[in-house]
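**Student:** have a look; sequence and predicted model below, questions after that.
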Amino acid sequence: MGHVEVDHLTHVLPDGRPLLDEVSFRVGEGVKAALVGPNGAGKTTLLRLIAGELRPASGTVTSSGGLGVMRQFISGSTVRELLLGVAPPTIRATAAAVARCEAQLDSEAGQLAYAQALSDHVDAGGFDIEVVWDACATASLGLSYSDVQGRPVSTLSGGEQKRLVLEALLRGPDRVLLLDEPDNYLDVAGKVWLEEQLRATTKTVLLVSHDRQLLANSADRIVTVESRTVWVHGGGFASYAQARRDRTDRLDELKRRWEEEHARLRQAVHLLRQRAVNNDSVAPAYRSAQTKLARFESAGPPQRAPREQNVRMRLRGGRTGKRAVTCSGLEFPGLLRPFDFEMWFGERVAVLGANGTGKSHFLRLLAGEPLPHKGTVQLGARVRPGLFVQTHTRPDLHGRCPADIVMSEFALPRNDAMAALARYELAPAGAQRFETLSGGQQARLQILLLELSGATLLLLDEPTDNLDLASAQALQDGLESFEGNVIAVTHDRWFAADFDRRLIVNEDGTVQDA
């Protein structure tokens, strides 16, 4: 059995601002619940509160069956440390004790302590779990645990790290899994595998994800975090948008009725006060009306409907030559075999394929980076490329704040710069350094810079990875009105469905134009 129950949970940020206020919800046994909401609404913080990594200002969290936690940024210097990081707390503690005692074997007391630590580790299941890890390593890396336990994590791709940790959690003893963006860095095959595993497992799952197809295929509850509170849609993602609209309409109607009743009570008090001046017999009715109004106002208005996100991306582009991109015999030795590619004005091409097959190299070459290659690449007349970097690795932006970046890069007056940031809901973060922005904020800023640059060829490397649902939809809406060409490397199937063509990169390095 495994469940999670959050009861009147309140969390306050270090600067005193409330992030979550009186949040309550329950995820029952076997339920697959998705935690969604705007970037910065508190989804990751809520997971950390449930996991016990943070203490709330008030309220309680109860759970059963043990908690297995995948953090948004998983860590560990070796494969063994990576797996220990998601093991049950008792196993982590006994493993740490064994490691400490190993360094003190030069005395009889140290040897006795080591023997006791080993015994405790065995009793906690420390060696039994290595059998599970062996199956995990074989499934995700194709090698036994004994072969890879000391391997540096840095030698694994992001997708391999995620798959290994997910295998360990799904096969492990914990009955409740808290997964923070488990699909990031997974290719399409990896996401399909994750969906299948989530549907098949009997464990209770609460996950944060921005992948709309993953949500549609695997979640049977949607828990929305917005406006410092939480509400739960008991159906899947297919009916979520309508449920959200219906909820907003209900809250607006309740607010309208409250305001009408408030106005009626105030008017009644006003009239009775005037009458009571000249008629003592009206005084009891006047006092009763005052009491009723005071009680009504003390109860307060109903919950206000959450403010809708209003990200407006005005990707304009411009007219270019008919033939926008021409590649002849293009090859990245060791990655991509020679292929030809031609793209005409206005086309949208999604580049699909497994991780590590050279897709990002292709975009970077088109953006003008001097990467080793064979064959030729030619951009058409008036084609100006603009690159969105998947990992948000932008040394040119580090240490700078969005307002200064926009003003200095495009010679905009401050008012115009702040207006542009406001369209991307970045104005409140206008004075923050780039590296302190959330992943979603960094992604939106990159897209704004592409808009202002006037690029006519958008080269997007996993642009929706860190965008919340509303921002991802805003990007798709912006691309619909964009005049120019778009080439996007993506594992987001919902996003890719809008594209005209697909360039499929196979694991053997061949490229298929479909």
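**Tutor:** Yep, it's here.
**Student:** now the host helix or strand of residue 194: buried residues?
**Tutor:** Element membership of residue 194 [criterion: DSSP states H and E] is helix 188-200. Buried residues in helix 188-200, counting neighbours by 16 or more other CB atoms under 10 Å, are found at 188, 190-191, 193-195, 197-198. Placement of C-beta: from N, CA and C, glycine included.
**Student:** now it: mean pLDDT?
**Tutor:** Averaged over helix 188-200, pLDDT sits at 93.
**Student:** and if you look at stretch 261-281?
**Tutor:** 90.
**Student:** gap between it and the chain center?
**Tutor:** 54 Å (CA atoms, centre = their mean, to the nearest Å).
**Student:** show me what that stretch is in contact with.
**Tutor:** 282-283, 285-286, 289-290, 292-293, 296-297, 301 (CB atoms under 8 Å, 6 or more residues apart in numbering).
**Student:** of those residues, just the buried ones, ChimeraX syntax please.
**Tutor:** To isolate the buried ones among the contacts of stretch 261-281 in ChimeraX, judged by 16+ other CB under 10 Å, type:
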select :282,286,289,293,296
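**Student:** what is the helix holding residue 194 packed up against?
**Tutor:** helix 158-171, helix 212-218 (3 or more CB pairs under 8 Å, 6 or more residues apart in numbering; DSSP states H and E).
**Student:** among the ones you listed, which comes closest to residue 179?
**Tutor:** With CB to CB as the criterion, residue 179 lies closest to helix 158-171 of the helices and strands packed on helix 188-200, at 7.6 Å.
**Student:** what angle separates that closest one from helix 188-200?
**Tutor:** Helix 158-171 runs at 10 degrees relative to helix 188-200, counting by axes from the mean of the first three to the mean of the last three CA atoms, to 10 degrees.
**Student:** circling back to that earlier point, next secondary structure after the helix holding residue 194?
**Tutor:** According to DSSP H and E, the helix or strand after helix 188-200 is strand 204-208.
**Student:** can you list the buried residues in that following strand?
**Tutor:** 204-208.
**Student:** go on, stretch 345-355?
**Tutor:** 345-355.
**Student:** what separates the first and last residues of it, distance-wise?
**Tutor:** 28 Å (CA to CA, to the nearest Å).
**Student:** do stretch 95-111 as well
**Tutor:** Stretch 95-111 end-to-end distance (CA to CA) = 16 Å.
**Student:** contacts for that stretch?
**Tutor:** With CB under 8 Å, 6+ apart, stretch 95-111 has contacts from 84, 87, 113-114, 117-118, 120-121, 126.
**Student:** one more: stretch 189-197?
**Tutor:** 159, 162-163, 166, 170, 182-183, 186, 211, 213-214, 217-218, 354-355, 491, 493.
**Student:** again, only using 10 Å
**Tutor:** 139-140, 159-160, 162-163, 166-167, 169-171, 179, 182-183, 186-187, 203, 205, 207, 209, 211, 213-219, 353-355, 491-493, 507 (CB atoms under 10 Å, 6 or more residues apart in numbering).
**Student:** ranges for the helices of the stretch 201-350 of the chain?
**Tutor:** 212-218, 240-278, 283-299 (DSSP state H, counting those that start in this stretch).
**Student:** pick the most deeply packed of those helices.
**Tutor:** Here the criterion is mean neighbour count by mean count of other CB atoms under 10 Å, and of the helices of the stretch 201-350 of the chain the winner is helix 212-218, at a mean of 21.
**Student:** about what we covered before: can I get the buried residues of helix 188-200 in TSV with distance to residue 147?
**Tutor:** Compiled in TSV, the buried residues of helix 188-200 are given as follows (distance: CB to CB, whole Å):
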residue	distance to residue 147
188	28
190	22
191	27
193	22
194	25
195	29
197	24
198	28
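**Student:** can you tell me which of the residues you listed is nearest residue 11?
**Tutor:** For these, the nearest to residue 11 is residue 198 (27.2 Å; CB to CB).
**Student:** just checking, that closest one touches residue 204?
**Tutor:** No - counting by CB atoms under 10 Å, residue 198 does not reach residue 204; the two are 11.0 Å apart.
**Student:** low-scoring stretches of the stretch 351-500 of the chain, by residue?
**Tutor:** Within the stretch 351-500 of the chain, the stretches with pLDDT under 70 are 391-392.
**Student:** swap in 80 and give it another go.
**Tutor:** 356, 390-393 (pLDDT under 80).
**Student:** which residues in it form strands?
**Tutor:** 374-379, 385-388, 457-461, 485-489 (DSSP state E, counting those that start in this stretch).
**Student:** which outside residues touch the longest one?
**Tutor:** Just to be clear, that refers to strand 374-379. With CB under 10 Å, 6+ apart as the criterion, strand 374-379 contacts 320-321, 323-333, 336, 338-341, 343, 362, 365-366, 368, 385, 456-457, 485.
**Student:** for it, which strands pair with it and how are they oriented?
**Tutor:** Applying DSSP bridges, strand 374-379 is found paired with strand 323-332 (antiparallel).
**Student:** list the buried residues of the partner strand.
**Tutor:** Neighbour count says strand 323-332 has 324-325, 327, 330-332 buried, by 16+ other CB under 10 Å.
**Student:** go on, stretch 467-478?
**Tutor:** Those would be 467-476, 478, for stretch 467-478 by 16+ other CB under 10 Å.
**Student:** likewise stretch 125-145?
**Tutor:** Here stretch 125-145 shows 125-126, 129-130, 132-134, 136-137, 140-141, 145 as buried, counting by 16+ other CB under 10 Å.
**Student:** in the stretch 101-250 of the chain, where is pLDDT below threshold?
**Tutor:** Residues of the stretch 101-250 of the chain that meet the cut-off, pLDDT under 80, sit at 103-110.
**Student:** just list whatever residues bridge to the closest residue to residue 174 other than its chain neighbours.
**Tutor:** The shortest distance from residue 174 to any residue other than its chain neighbours is 3.5 Å, reached at residue 68 (CB to CB, 6 or more residues apart in numbering). Beta-bridge partners for residue 68, by DSSP bridges, are residue 177.
**Student:** ok, the closest residue to residue 212 other than its chain neighbours to residue 278 distance?
**Tutor:** Take residue 212 and drop its neighbours on the chain: the residue closest to it by CB to CB, 6+ apart is residue 494, 4.1 Å away. From residue 494 across to residue 278, the span is 70 Å (CB to CB, to the nearest Å).
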